Every structure is written in C-alpha cells, then in structure tokens.
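Q: Structure for the following, please:
(chains A and B)
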Amino acid sequence: MSYTESDLRELLNDHGHGRAGREPSAHLDAIVRRGRRIRRTRRAVTAGTALAFAAVAAAGLTGLLPAGAQRGEGVAVAQRPVDSARVVTLGPELPRTIPVVLGAPKFDLGLIHSRRFETVGAGQKVTFTPTSVYTGFSVVCDDPRALVVYRQRGRSDEPTGGSGRCGGSISGHNDKMSVPSDWLKRPQSLEVWVFPADAPVRKVAEAVNGCRPRDEKCDESAQIAALANPEVRRRLSALVGEQPGRWAVGIYDRPAPAQAPTASASPTAGPSVAPTASASPTAGPSVAPTASASPTAGLSVAPTASASPAVAPTASASPAVAPTASASASKP
Amino acid sequence: MDDGFAEYVAHRHLRLCRMAYLLTRDWGTAEDVVQTALAKAWLAWRRIEGDPDPYVYRIIVNTHASWWRRRWRGEVPAATLPETADPRDPAAEVDDQAALWSAIGTLSPRQRAVIVLHYFEGRTLTQVAEIVGCSPGAVKSQLSRALTRLRVDPDIQSMTLEGVRR
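A: Numbering: from 1, shown residues only, chains lettered A, B, ... in the order given. Okay, here's the model as predicted:
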C-alpha cells in the first residue's frame, strides 16, 4: 500500500486538529514562571562552571609553581579559588555507614560509591557493582522537604522502590530475599529522582490518573504514592524542569573479601569525592569494588533511618509496601 | 508584557501545540514542550528579530529531540507495517490511516520534524532547513528517507491539492 502526499497532509491535519473541545489553553503566567526558572538554573550552572574552572586553573597554577614559591605571597592568591571550589562541594553530608537493621547479624554497610548533584527535577541513574546482597543506599538533600523517589530492579526483575520527603535522608538496604538472582554478577543501578518541595505533584497526579490508588482527597501520602507512577514522574520532571538544589546519593555495601584485587574494595573509606558540577544523568559504572562477597544470611529491605521507607519481607521475596508518615515504598 | 509576547502566545499557542502534538503524539507532552519552548523564547524575546515562529519551532524540535533521547518511550517501532486486504474497502481506509499514523511514530525525531514542518506547517524545504539547523540537502535526504519509510510516493500527487499549494 502506497500513500500520496495529500494522504499525508490530510492525516496530519486530522490528527493535529483531533482534540475538539479540549484545546490546550495558554497560561502566560506559567510560561513566564518557567522562563524565570530556566534563567535561574542557567545562572546557577554558569556560576558553578566558573567556580570549577577557577578551581582547575588554581590547581594547575599550584602544580606549576616551584615548591619554594608555594609558600610565598603569590601562592596564597592562587590557592584562594581552591577554597572556593570547596564551597561548591559543600552540600548535604552522606553518612559514612548505614546499619543493617533486619536479620540476625547486625553490621554496618560502608560507603562504596557516591554522586553529588547540584540540581533537582530530573531523574539520575547511579550504577555500581555490589559486593553483597545487602547493598544499601542513602539519599541526602539540602532541603528536607524535597521529594525523593528511588527505583531499582527487584527479585523478579520488576521495579521496586519508594518515595517520600527527603527529611534529611532516605535510606534502605537489600538482602538475599530482595535482590534479583544476578545481583552479584553484573553492575546494578539505582534510579533516583529528587523534586523540589513545592513540585505540583497533586496537579500532575490528578491529570494522569486521578491521584489513584489512595483516595480522592489526594493528600500528602496519596501524592507521595503517586510518584511511583512513571508517567507522573515524567510529566512532573517536564513541568518543573531542572532547578538548583543540592543532593547526594550514596551506595553502601559490605566489605569485599580480603583477596579482592581492587584498591577500592574497602567500603569503609570516607565519602568519595564525586564530581560536583554534574547535573546530567549518570551512566558510567562506579569505581566500586568488583569482587563479590559471598552472600550471608539476611532478610529484607529495611529502613535505616526514621525517614526511611519501611519495607518488610513478603512471601514473594520482594520488598513490600509499608508507607510511613513521610515515605512509602512501592512496586509500580 | 507589552512587547508582543503575550499577543504571540495568545495567537500561536494552539497552533504550536498541534504541531508539537504531531511530534510527540501526546497532548500532555506537547503542551509541556510548547510551554518550555515559549519560556525559552520569552527569555530571548527582545533579541528575536522579525517572525518569531522559526525560532520557536526550532526550540520545539530540539526540545522534542532531547526529550525523546532522554526518556523511555512507550511506543515500540514496528519493523513492518500492517498490510490491508483491499485498499478500495472503506473500512480499509481507516486501517490505512492508522497504519500511516503508526508509521509516522516510527520515524526519528528529525525525520518527523521535517515531515510535520513541511506537510503540516507548509514550510518550504529551505525554511525547514533553517528551523532544524541543517542544510537543505540534508533536509531533502531526511524527507526522502521518511517518505520511503512511510510508503508515500511523492510522484503520485493529487494535482488539485498540489496546485493550490504551489
């Protein structure tokens, strides 16, 4: 079957006009608001880039100067931007460890990988190589009211995760009942979205599915539950755009076995120095330990802080939904 | 807003949404794309000389392309188009339209933009080239590939329609 150009024109016209009675209306205020937001973000990114350049330039200068001169007057000037760069890296502090709270053996998981972000509003993917089935994570935000959604692959490959107000931090960990069978065989990833505290979740959730599945009031907990819906996240992300807002995500795990070949196999090292100017989705594998620890007994994904999503073991061995006051875990 | 931006939005918003819908195939996303494009146009409004349409179209096309790259898409491109039994059958015409609409969905963002700008917006290939930011030759090549994929034969033209347009 072949078509003519007229067929094509007719079809485009039909579809382009196919929304009779529901024409989108122009909201000048919303457009201008979004414009201002874009301008703010651009300025923040420009400022961050300038500081990063200053830091790199200063580091280069310091390295080029003779050792003796580094104690001199001129060097102090060159070193100032390095301090400025430190200001850029400031942000919410990731805990050095998170405790395993469920299961018989109690131990701490050390930080093996971290990423810092300067903007909120877009999803970010963190890739890491687990060293055990207990791999955990922690998300910390500058704004405790920021909305956090996280997703990972569950035991049966279905996406699992949770959402809630950041409240300082949101964290959790896996166990052998919650991770997929290939958890230790390949790099894994965690997707995290952080939205501004005032993101119009209710408006978007109601537009997407009427704020189901909770109730018609679409209150705070219903809105947080609605963030499990990928369409809600997609539209919300498009609506709010990227805005300045600092947050970080840390991946935690058990120490790799002593014979692990990589230097980074010690997960109890302090917070890693991750790129701070990155606002783009992360994709590359982390420098996490590559050797896998043998899984030991354990139970289920569990909250590790008061603001964490409470997740209990289920018969299907995947994390169950147990919303708390500020967070909920779910399977979309 | 006394520099014409408000008037432009009031005048062109619906048309821009329709054009964006043909690119995105989702009204919600289309409105988002248009709002983003207009917000960016608002930032540069005083620097835009003459007709703002090409500038806004360009932002829409680029925004759609970047969102398309960044996001998961529910549509699954089909390797083959569904064949219909009898092209003269009235019921088959509906199927034909659906097949063509579905085929448009399999085009790359750039090819879709060229098709929409040329056949829906009535822009010449030179204007399309300015909007999508490439040479007229590249646009011709994109258009040719897109039409082949859509099984649209440019040689089979309705003379009346083409005569009116040219």
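Q: Look up the closest residue to residue A:9, ignoring the ones flanking it.
A: Using C-beta to C-beta, 6 or more residues apart in numbering or on different chains and skipping residues adjacent in sequence, the residue nearest residue A:9 is residue B:119, 5.0 Å away. Placement of C-beta: from N, CA and C, glycine included.
Q: for that neighbour, what are its contacts?
A: A:5, A:8, A:9, A:12 (C-beta atoms under 8 Å, 6 or more residues apart in numbering or on different chains).
Q: Wasn't residue A:40 part of a strand?
A: No. Read with DSSP: H, G, I helix; E, B strand; the rest coil, residue A:40 is helix and lies in no strand.
Q: phi, psi of the nearest residue to it once chain neighbours are set aside?
A: If the residues on either side of it in the chain are set aside, residue A:40 comes closest to residue A:244, at 6.5 Å by C-beta to C-beta, 6+ apart. Phi and psi for residue A:244, reported as degrees, to the nearest 10, are phi -60, psi 140.
Q: now do residue B:64
A: Reported as degrees, to the nearest 10, the phi and psi values for residue B:64 are phi -60, psi -40.
Q: now swap in residue B:19 and tell me
A: The phi and psi torsions at residue B:19 (degrees, to the nearest 10) take the values phi -60, psi -40.
Q: What is the burial count for it?
A: Applying other C-beta atoms under 10 Å in any protein chain shown, we find 25 other residues in the vicinity of residue B:19.
Q: same check, this time on the one 5 residues further on
A: Under the neighbour criterion other C-beta under 10 Å, residue B:24 is assigned a count of 24.
Q: Chain neighbours aside, what residue packs nearest to the residue positioned nearest the centre of chain B?
A: What sits nearest the mean C-alpha location of chain B, by C-alpha atoms, centre = their mean, is residue B:116, with 2.7 Å. The shortest distance from residue B:116 to any non-neighbouring residue, by C-beta to C-beta, 6+ apart, is to residue B:22 (4.6 Å).
Q: pretty sure that neighbour is in contact with residue B:120, am I right?
A: Yes. Contact status for residue B:22 versus residue B:120: in contact at 5.8 Å, counting by C-beta atoms under 8 Å.
Q: out of these two, which sits in the more crowded spot?
A: A count of neighbours by other C-beta under 10 Å puts residue B:22 above the other of residue B:22 and residue B:120, at 24 against 20.
Q: in chain B, which helix or strand is least confident?
A: Least confident helix or strand, chain B: helix B:159-165 with a mean of 37, by mean pLDDT, DSSP states H and E.
Q: follow-up on the earlier one: intersection of neighbour lists for residue B:22 and residue B:120?
A: Going by C-beta under 8 Å, 6+ apart, residues that sit against residue B:22 and also against residue B:120 are A:12, A:16.
Q: So residue A:119 sits against residue A:237, correct?
A: No. Using C-beta under 8 Å, residue A:119 makes no contact with residue A:237, being 11.4 Å away.
Q: Can you list the buried residues in stretch A:160-174?
A: By 16 or more other C-beta atoms under 10 Å in any protein chain shown, the buried positions in stretch A:160-174 come out as A:160-167, A:169-174.
Q: so the residue in the stretch 101-250 of chain A positioned nearest to chain B, which of the three states?
A: Residue of the stretch 101-250 of chain A nearest chain B, by C-beta to the nearest C-beta: residue A:238 (4.2 Å). Following three-state DSSP, the label given to residue A:238 is helix.
Q: So chain A: which segments form each domain?
A: A:1-90, A:97-330 (automatic domain parsing).
Q: Mind telling me which of those domains the model trusts least?
A: Across the domains of chain A, domain A:1-90 has the smallest mean pLDDT, namely a mean of 64.
Q: check contacts around the residue nearest to residue B:116.
A: By C-beta under 8 Å, 6+ apart, the neighbours of residue B:22 are A:12, A:15, A:16, B:104, B:112, B:116, B:120.
Q: Let's see if you can find the most crowded of those.
A: Result: residue B:116 is most packed of the contacts of residue B:22 (other C-beta under 10 Å), 26 neighbours.
Q: And that one, its phi and psi?
A: When read as degrees, to the nearest 10, the backbone of residue B:116 gives phi -70, psi -40.
Q: Do a quick rundown of the helices in the chain.
A: You didn't say which chain, so I picked chain A. Ranges of helices in chain A, per DSSP state H, are A:5-16, A:28-64, A:73-89, A:201-209, A:220-226, A:230-240.
Q: I was thinking of chain B, sorry if that wasn't clear
A: So, for chain B - with DSSP H - the helices run B:5-24, B:27-44, B:53-70, B:90-105, B:109-115, B:125-132, B:136-150, B:159-165.
Q: which one of those helices lies closest to residue A:115?
A: With C-beta to C-beta as the criterion, residue A:115 lies closest to helix B:53-70 of these, at 17.7 Å.
Q: just checking, what packs against that closest one?
A: helix B:5-24, helix B:27-44, helix B:109-115, helix B:125-132 (3 or more C-beta pairs under 8 Å, 6 or more residues apart in numbering or on different chains; DSSP states H and E).
Q: out of the ones you listed, nearest to residue A:231?
A: Here helix B:27-44 is closest among the helices and strands packed on helix B:53-70 (C-beta to C-beta), at 8.7 Å.
Q: Can you confirm whether that closest one lies near chain A?
A: Yes. Residues of helix B:27-44 contacting chain A under C-beta under 8 Å from any C-beta of the partner chain: B:27-36, B:38-40, B:42-43.
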